[in-house]
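A.B. asks: A predicted structure for the sequence below; I have some questions about it.
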Amino acid sequence: DDYSSDDSSDDSDDDSDDDGEPSSATGSGSSTEWWSKKSHFGSATAQLQQQVKQSALPAAVAAAPAPAGSELLSTSGSSTQDSDPAPDSDTFDDDSDNITVSTEGSEGLASGQDVFLTGLRSYLQDLAYQNASYTQLWGHLEKASGQPVRDMMNTWTLRRGFPIVSVALQPAPSGSQNQQLIQFDQVPYHAPRSYMVGLPFYPEMYCNDWTDDAQDSSWWIPMAFKTLGSNTVQWHSFSNCSSNITSSVPHNGWVMANAGRYGFYRVNYSEPLWNALAAAAADGKHVSSIDFAGLLDDAYSLSLVRQLNITVFLSLTKALGERFAPERAPWGIALGWLQRMSDVLSTAAYGANGDKWKGCLANLKKYVTDELTTPFIAKVQVPGQAEPGLSFKVNPKDSPELRMMRPQVLTAAGFLGHQQIMDEAVTVLKQVAAGQTVLSPDVTKAVYSLAVGSGDSAAYETVQKLYEQATDPAEGERALQALARASTASTITKTLEFALSPSVRSQDVSSLLAGLAKQGGLGFNMTWEFILTKAGDIQAKYGGGEYNTQG
């Protein structure tokens, strides 16, 4: 078997654990409309332009001048609280990972008529070779758009932190089955000021919990959202602590906020909405790769500030084992957090009530292996590959996303309990040592790390020798980082002792020790004990001077 690639990329196999003034015009109809149609367009111009090219618009359309008043993006829905404009007919559709621009209004895109770029261009031209500040940028954007950009942005640039936007569905006053009231609420992303460790959590946080100043009570929030049964992205903005909007949402349907993940805020949902989104996430036609990644990241991050139970995140991850497309974004987010949970439980297993935490760790690894990584690795559809499945073999024609995802998924799968992947890595390493195959740089670090992490002493010695014999600095770095994935007492001891040997440069000692410790559990405890008992030797390794020994 050949695991090499004719045009292999550089080392791309990162491990999975690789975290003012309120606007006076905010929420006005003109501000909302401008943001919906112009500001978001400006922020995504490059992406949208590329997709317009791919959609092969007729040459006549692409060359036509933009008619007066033509727009690309729009708000949709009718507000029951804020004075937003009536829905516009121009929309764009979000299908899977791609934003497909509707033909109506596409002339404006083709001709490049964008007030965001107009304002940015004038800012760069007027202040070329001069010092500048962000307020001058706001001024140029205001002039180009005719909108109060400075007031809008002050709620972000002059405030610390960022908000959580909570979303819930309520029956619409009209009583129509297909019309529901979407309720948006904003609070700061942090634990409540009254939070104390050990107290029961109640999600009662105030919009202005950062401050007692009523003038610093909320952000101006542009909101893109989608609903069940429609690929149309709708827009709404608000600056109050709460805002409602009536939209077409089927009974027992769902709404997904921050569609496309353009907004700098976390999104929380009511329990029925989380359940509905977890079910919808299994189908990439309903929830795109980037939106799925956002849901996973929001759910875990909200659990960190006690706004959500961790079971919501775990429920969302089930969809990973049912989506058989190579999607790096959701897998990267989920595996990073799952690995963090594993590391924390590993450390807890060596403390009080260790048996309890060992059981939790075993259950977590069993869940990840049985429900997520095993079905995905066996059934993922790889373009250009006759049979489904993910292995250490790299095809030079694989997409960049697949080539980055492959080592990430395989490495995390092995360390989260997939024994077959561990065994396969040891086998591949033996073939490399025997000269029977050459590894692609895409998977080199993954194979080395998994082989060392398997606890196989022969594999450990092979990787250590590869490090000592490496003539390519990148190859040596991959092997050294793999030695930090030692998992048994004997191999951890070898790595700790090797860190102080002449073979390891002094500048690499801290990263090697940190790599061992951040695994948690046995690696953390043995590394900490080693640092305490070998502090003098470690300092001697660095010698004199002002070299920073911080890892």
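C.D. replies: Sure, I can see it.

A.B. asks: okay, now the unreliable bits of the stretch 201-350 of the chain?
C.D. replies: The model of the stretch 201-350 of the chain has pLDDT under 70 over residues 201-217.

A.B. asks: apply 80 and report the result again.
C.D. replies: Low-confidence segments of the stretch 201-350 of the chain, defined by pLDDT under 80: 201-217, 231.

A.B. asks: got a list of what the residue nearest the centre of the chain touches?
C.D. replies: In the chain, the centroid-proximal residue (Cα atoms, centre = their mean) is residue 333; its distance is 4.9 Å. Counting by Cβ atoms under 8 Å, 6 or more residues apart in numbering, residue 333 touches 293, 296-297, 300. C-beta coordinates here come from the backbone N, C-alpha and C atoms, glycine included.

A.B. asks: at 7 Å instead, please
C.D. replies: 293, 296-297 (Cβ atoms under 7 Å, 6 or more residues apart in numbering).

A.B. asks: before we move on, what about residue 169?
C.D. replies: 180, 182, 249, 255, 273.

A.B. asks: need the phi and psi values for it.
C.D. replies: phi -110, psi 140 (degrees, to the nearest 10).

A.B. asks: tell me what it is bridged to.
C.D. replies: Going by DSSP bridges, residue 169 is paired in beta bridges with residue 182.

A.B. asks: what does the helix or strand containing residue 278 contact?
C.D. replies: Here residue 278, judged by DSSP states H and E, is contained in helix 271-280. Contacts to helix 271-280, defined as Cβ under 7 Å, 6+ apart, come from residues 167-169, 254-256, 269, 286-287, 295, 312, 315-316, 319.

A.B. asks: what residues sit buried inside it?
C.D. replies: Neighbour-count burial for helix 271-280 flags 273-274, 276-280 (criterion: 16 or more other Cβ atoms under 10 Å).

A.B. asks: and what of stretch 364-372?
C.D. replies: Buried, per 16+ other Cβ under 10 Å, within stretch 364-372: 364-365, 367-369, 371-372.

A.B. asks: how far does that stretch stretch from start to finish?
C.D. replies: 11 Å (Cα to Cα, to the nearest Å).

A.B. asks: pLDDT averaged over it - what is it?
C.D. replies: When pLDDT is averaged over stretch 364-372, the result is 97.

A.B. asks: what's in contact with that stretch?
C.D. replies: 317-318, 320-321, 338, 341-342, 345, 416-418.

A.B. asks: at 6 Å instead, please
C.D. replies: Residues from elsewhere that reach stretch 364-372, judged by Cβ atoms under 6 Å, 6 or more residues apart in numbering: 320-321, 338, 416-418.

A.B. asks: stretch 123-135 too?
C.D. replies: Contacts of stretch 123-135 (Cβ under 6 Å, 6+ apart): 137, 140.

A.B. asks: pull out the buried positions in that stretch.
C.D. replies: residue 123.

A.B. asks: mind listing the helices for the stretch 351-500 of the chain?
C.D. replies: In order along the chain, the stretch 351-500 of the chain carries the following helices (DSSP state H, counting those that start in this stretch): 354-367, 374-379, 400-415, 419-433, 441-453, 457-469, 473-483, 489-499.

A.B. asks: residue 225: helix or strand, and which one exactly?
C.D. replies: Counting by DSSP H and E, residue 225 is part of strand 221-227.

A.B. asks: before we move on, what about residue 236?
C.D. replies: Assessed by DSSP H and E, residue 236 sits inside strand 234-238.

A.B. asks: just the C-alphas of that strand, formatted as CSV.
C.D. replies: Provided in CSV are the C-alpha atoms of strand 234-238 (Å, rounded to 0.1, in the frame of the first residue of the first chain):
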residue,chain,number,x,y,z
GLN,A,234,-34.2,36.3,6.1
TRP,A,235,-32.9,39.3,7.9
HIS,A,236,-33.8,41.2,11.0
SER,A,237,-31.9,43.6,13.2
PHE,A,238,-32.5,45.0,16.7
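
A.B. asks: mind listing what the strand holding residue 225 pairs with, with the direction of each?
C.D. replies: Strand pairing (DSSP bridges) places strand 221-227 next to strand 234-238 (antiparallel), strand 255-257 (antiparallel).

A.B. asks: ok, which of the helices of the stretch 351-500 of the chain comes nearest residue 145?
C.D. replies: When those are compared by Cβ to Cβ, helix 400-415 sits nearest residue 145, at 34.9 Å.

A.B. asks: could you pull up the mean pLDDT of that closest one?
C.D. replies: 95.

A.B. asks: just how off-centre is that helix within its chain?
C.D. replies: With Cα atoms, centre = their mean, to the nearest Å as the basis, helix 400-415 stands 15 Å off its chain's centre.

A.B. asks: list the buried residues of it.
C.D. replies: Residues of helix 400-415 classed as buried: 402-415 (neighbour count, 16+ other Cβ under 10 Å).

A.B. asks: try stretch 346-366
C.D. replies: 346-349, 357-358, 360-361, 364-365.

A.B. asks: mind putting the residues you listed in TSV, distance to residue 122 included?
C.D. replies: Below are the buried residues of stretch 346-366 laid out as TSV (distance: Cβ to Cβ, whole Å):
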residue	distance to residue 122
346	55
347	54
348	57
349	60
357	59
358	63
360	58
361	57
364	54
365	56
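
A.B. asks: now the nearest residue to residue 527 once chain neighbours are set aside: how far from residue 291?
C.D. replies: Spatial nearest neighbour of residue 527, chain neighbours left out: residue 517 (4.1 Å); criterion: Cβ to Cβ, 6 or more residues apart in numbering. For residue 517, the distance to residue 291 equals 35 Å [Cβ to Cβ, to the nearest Å].

A.B. asks: more neighbours, the two?
C.D. replies: Between residue 517 and residue 291, counted using other Cβ atoms under 10 Å, residue 291 has the larger neighbour count: 26 against 20.

A.B. asks: ok so, going back, so can I have CSV of the strands paired with strand 221-227 showing distance to residue 327 and mean neighbour count?
C.D. replies: Output for the strands paired with strand 221-227, formatted as CSV (distance: least, Cβ to Cβ, whole Å; neighbours: other Cβ atoms under 10 Å):
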stretch, distance to residue 327, mean neighbour count
strand 234-238, 24, 26
strand 255-257, 17, 25
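
A.B. asks: brilliant, that's me finished.
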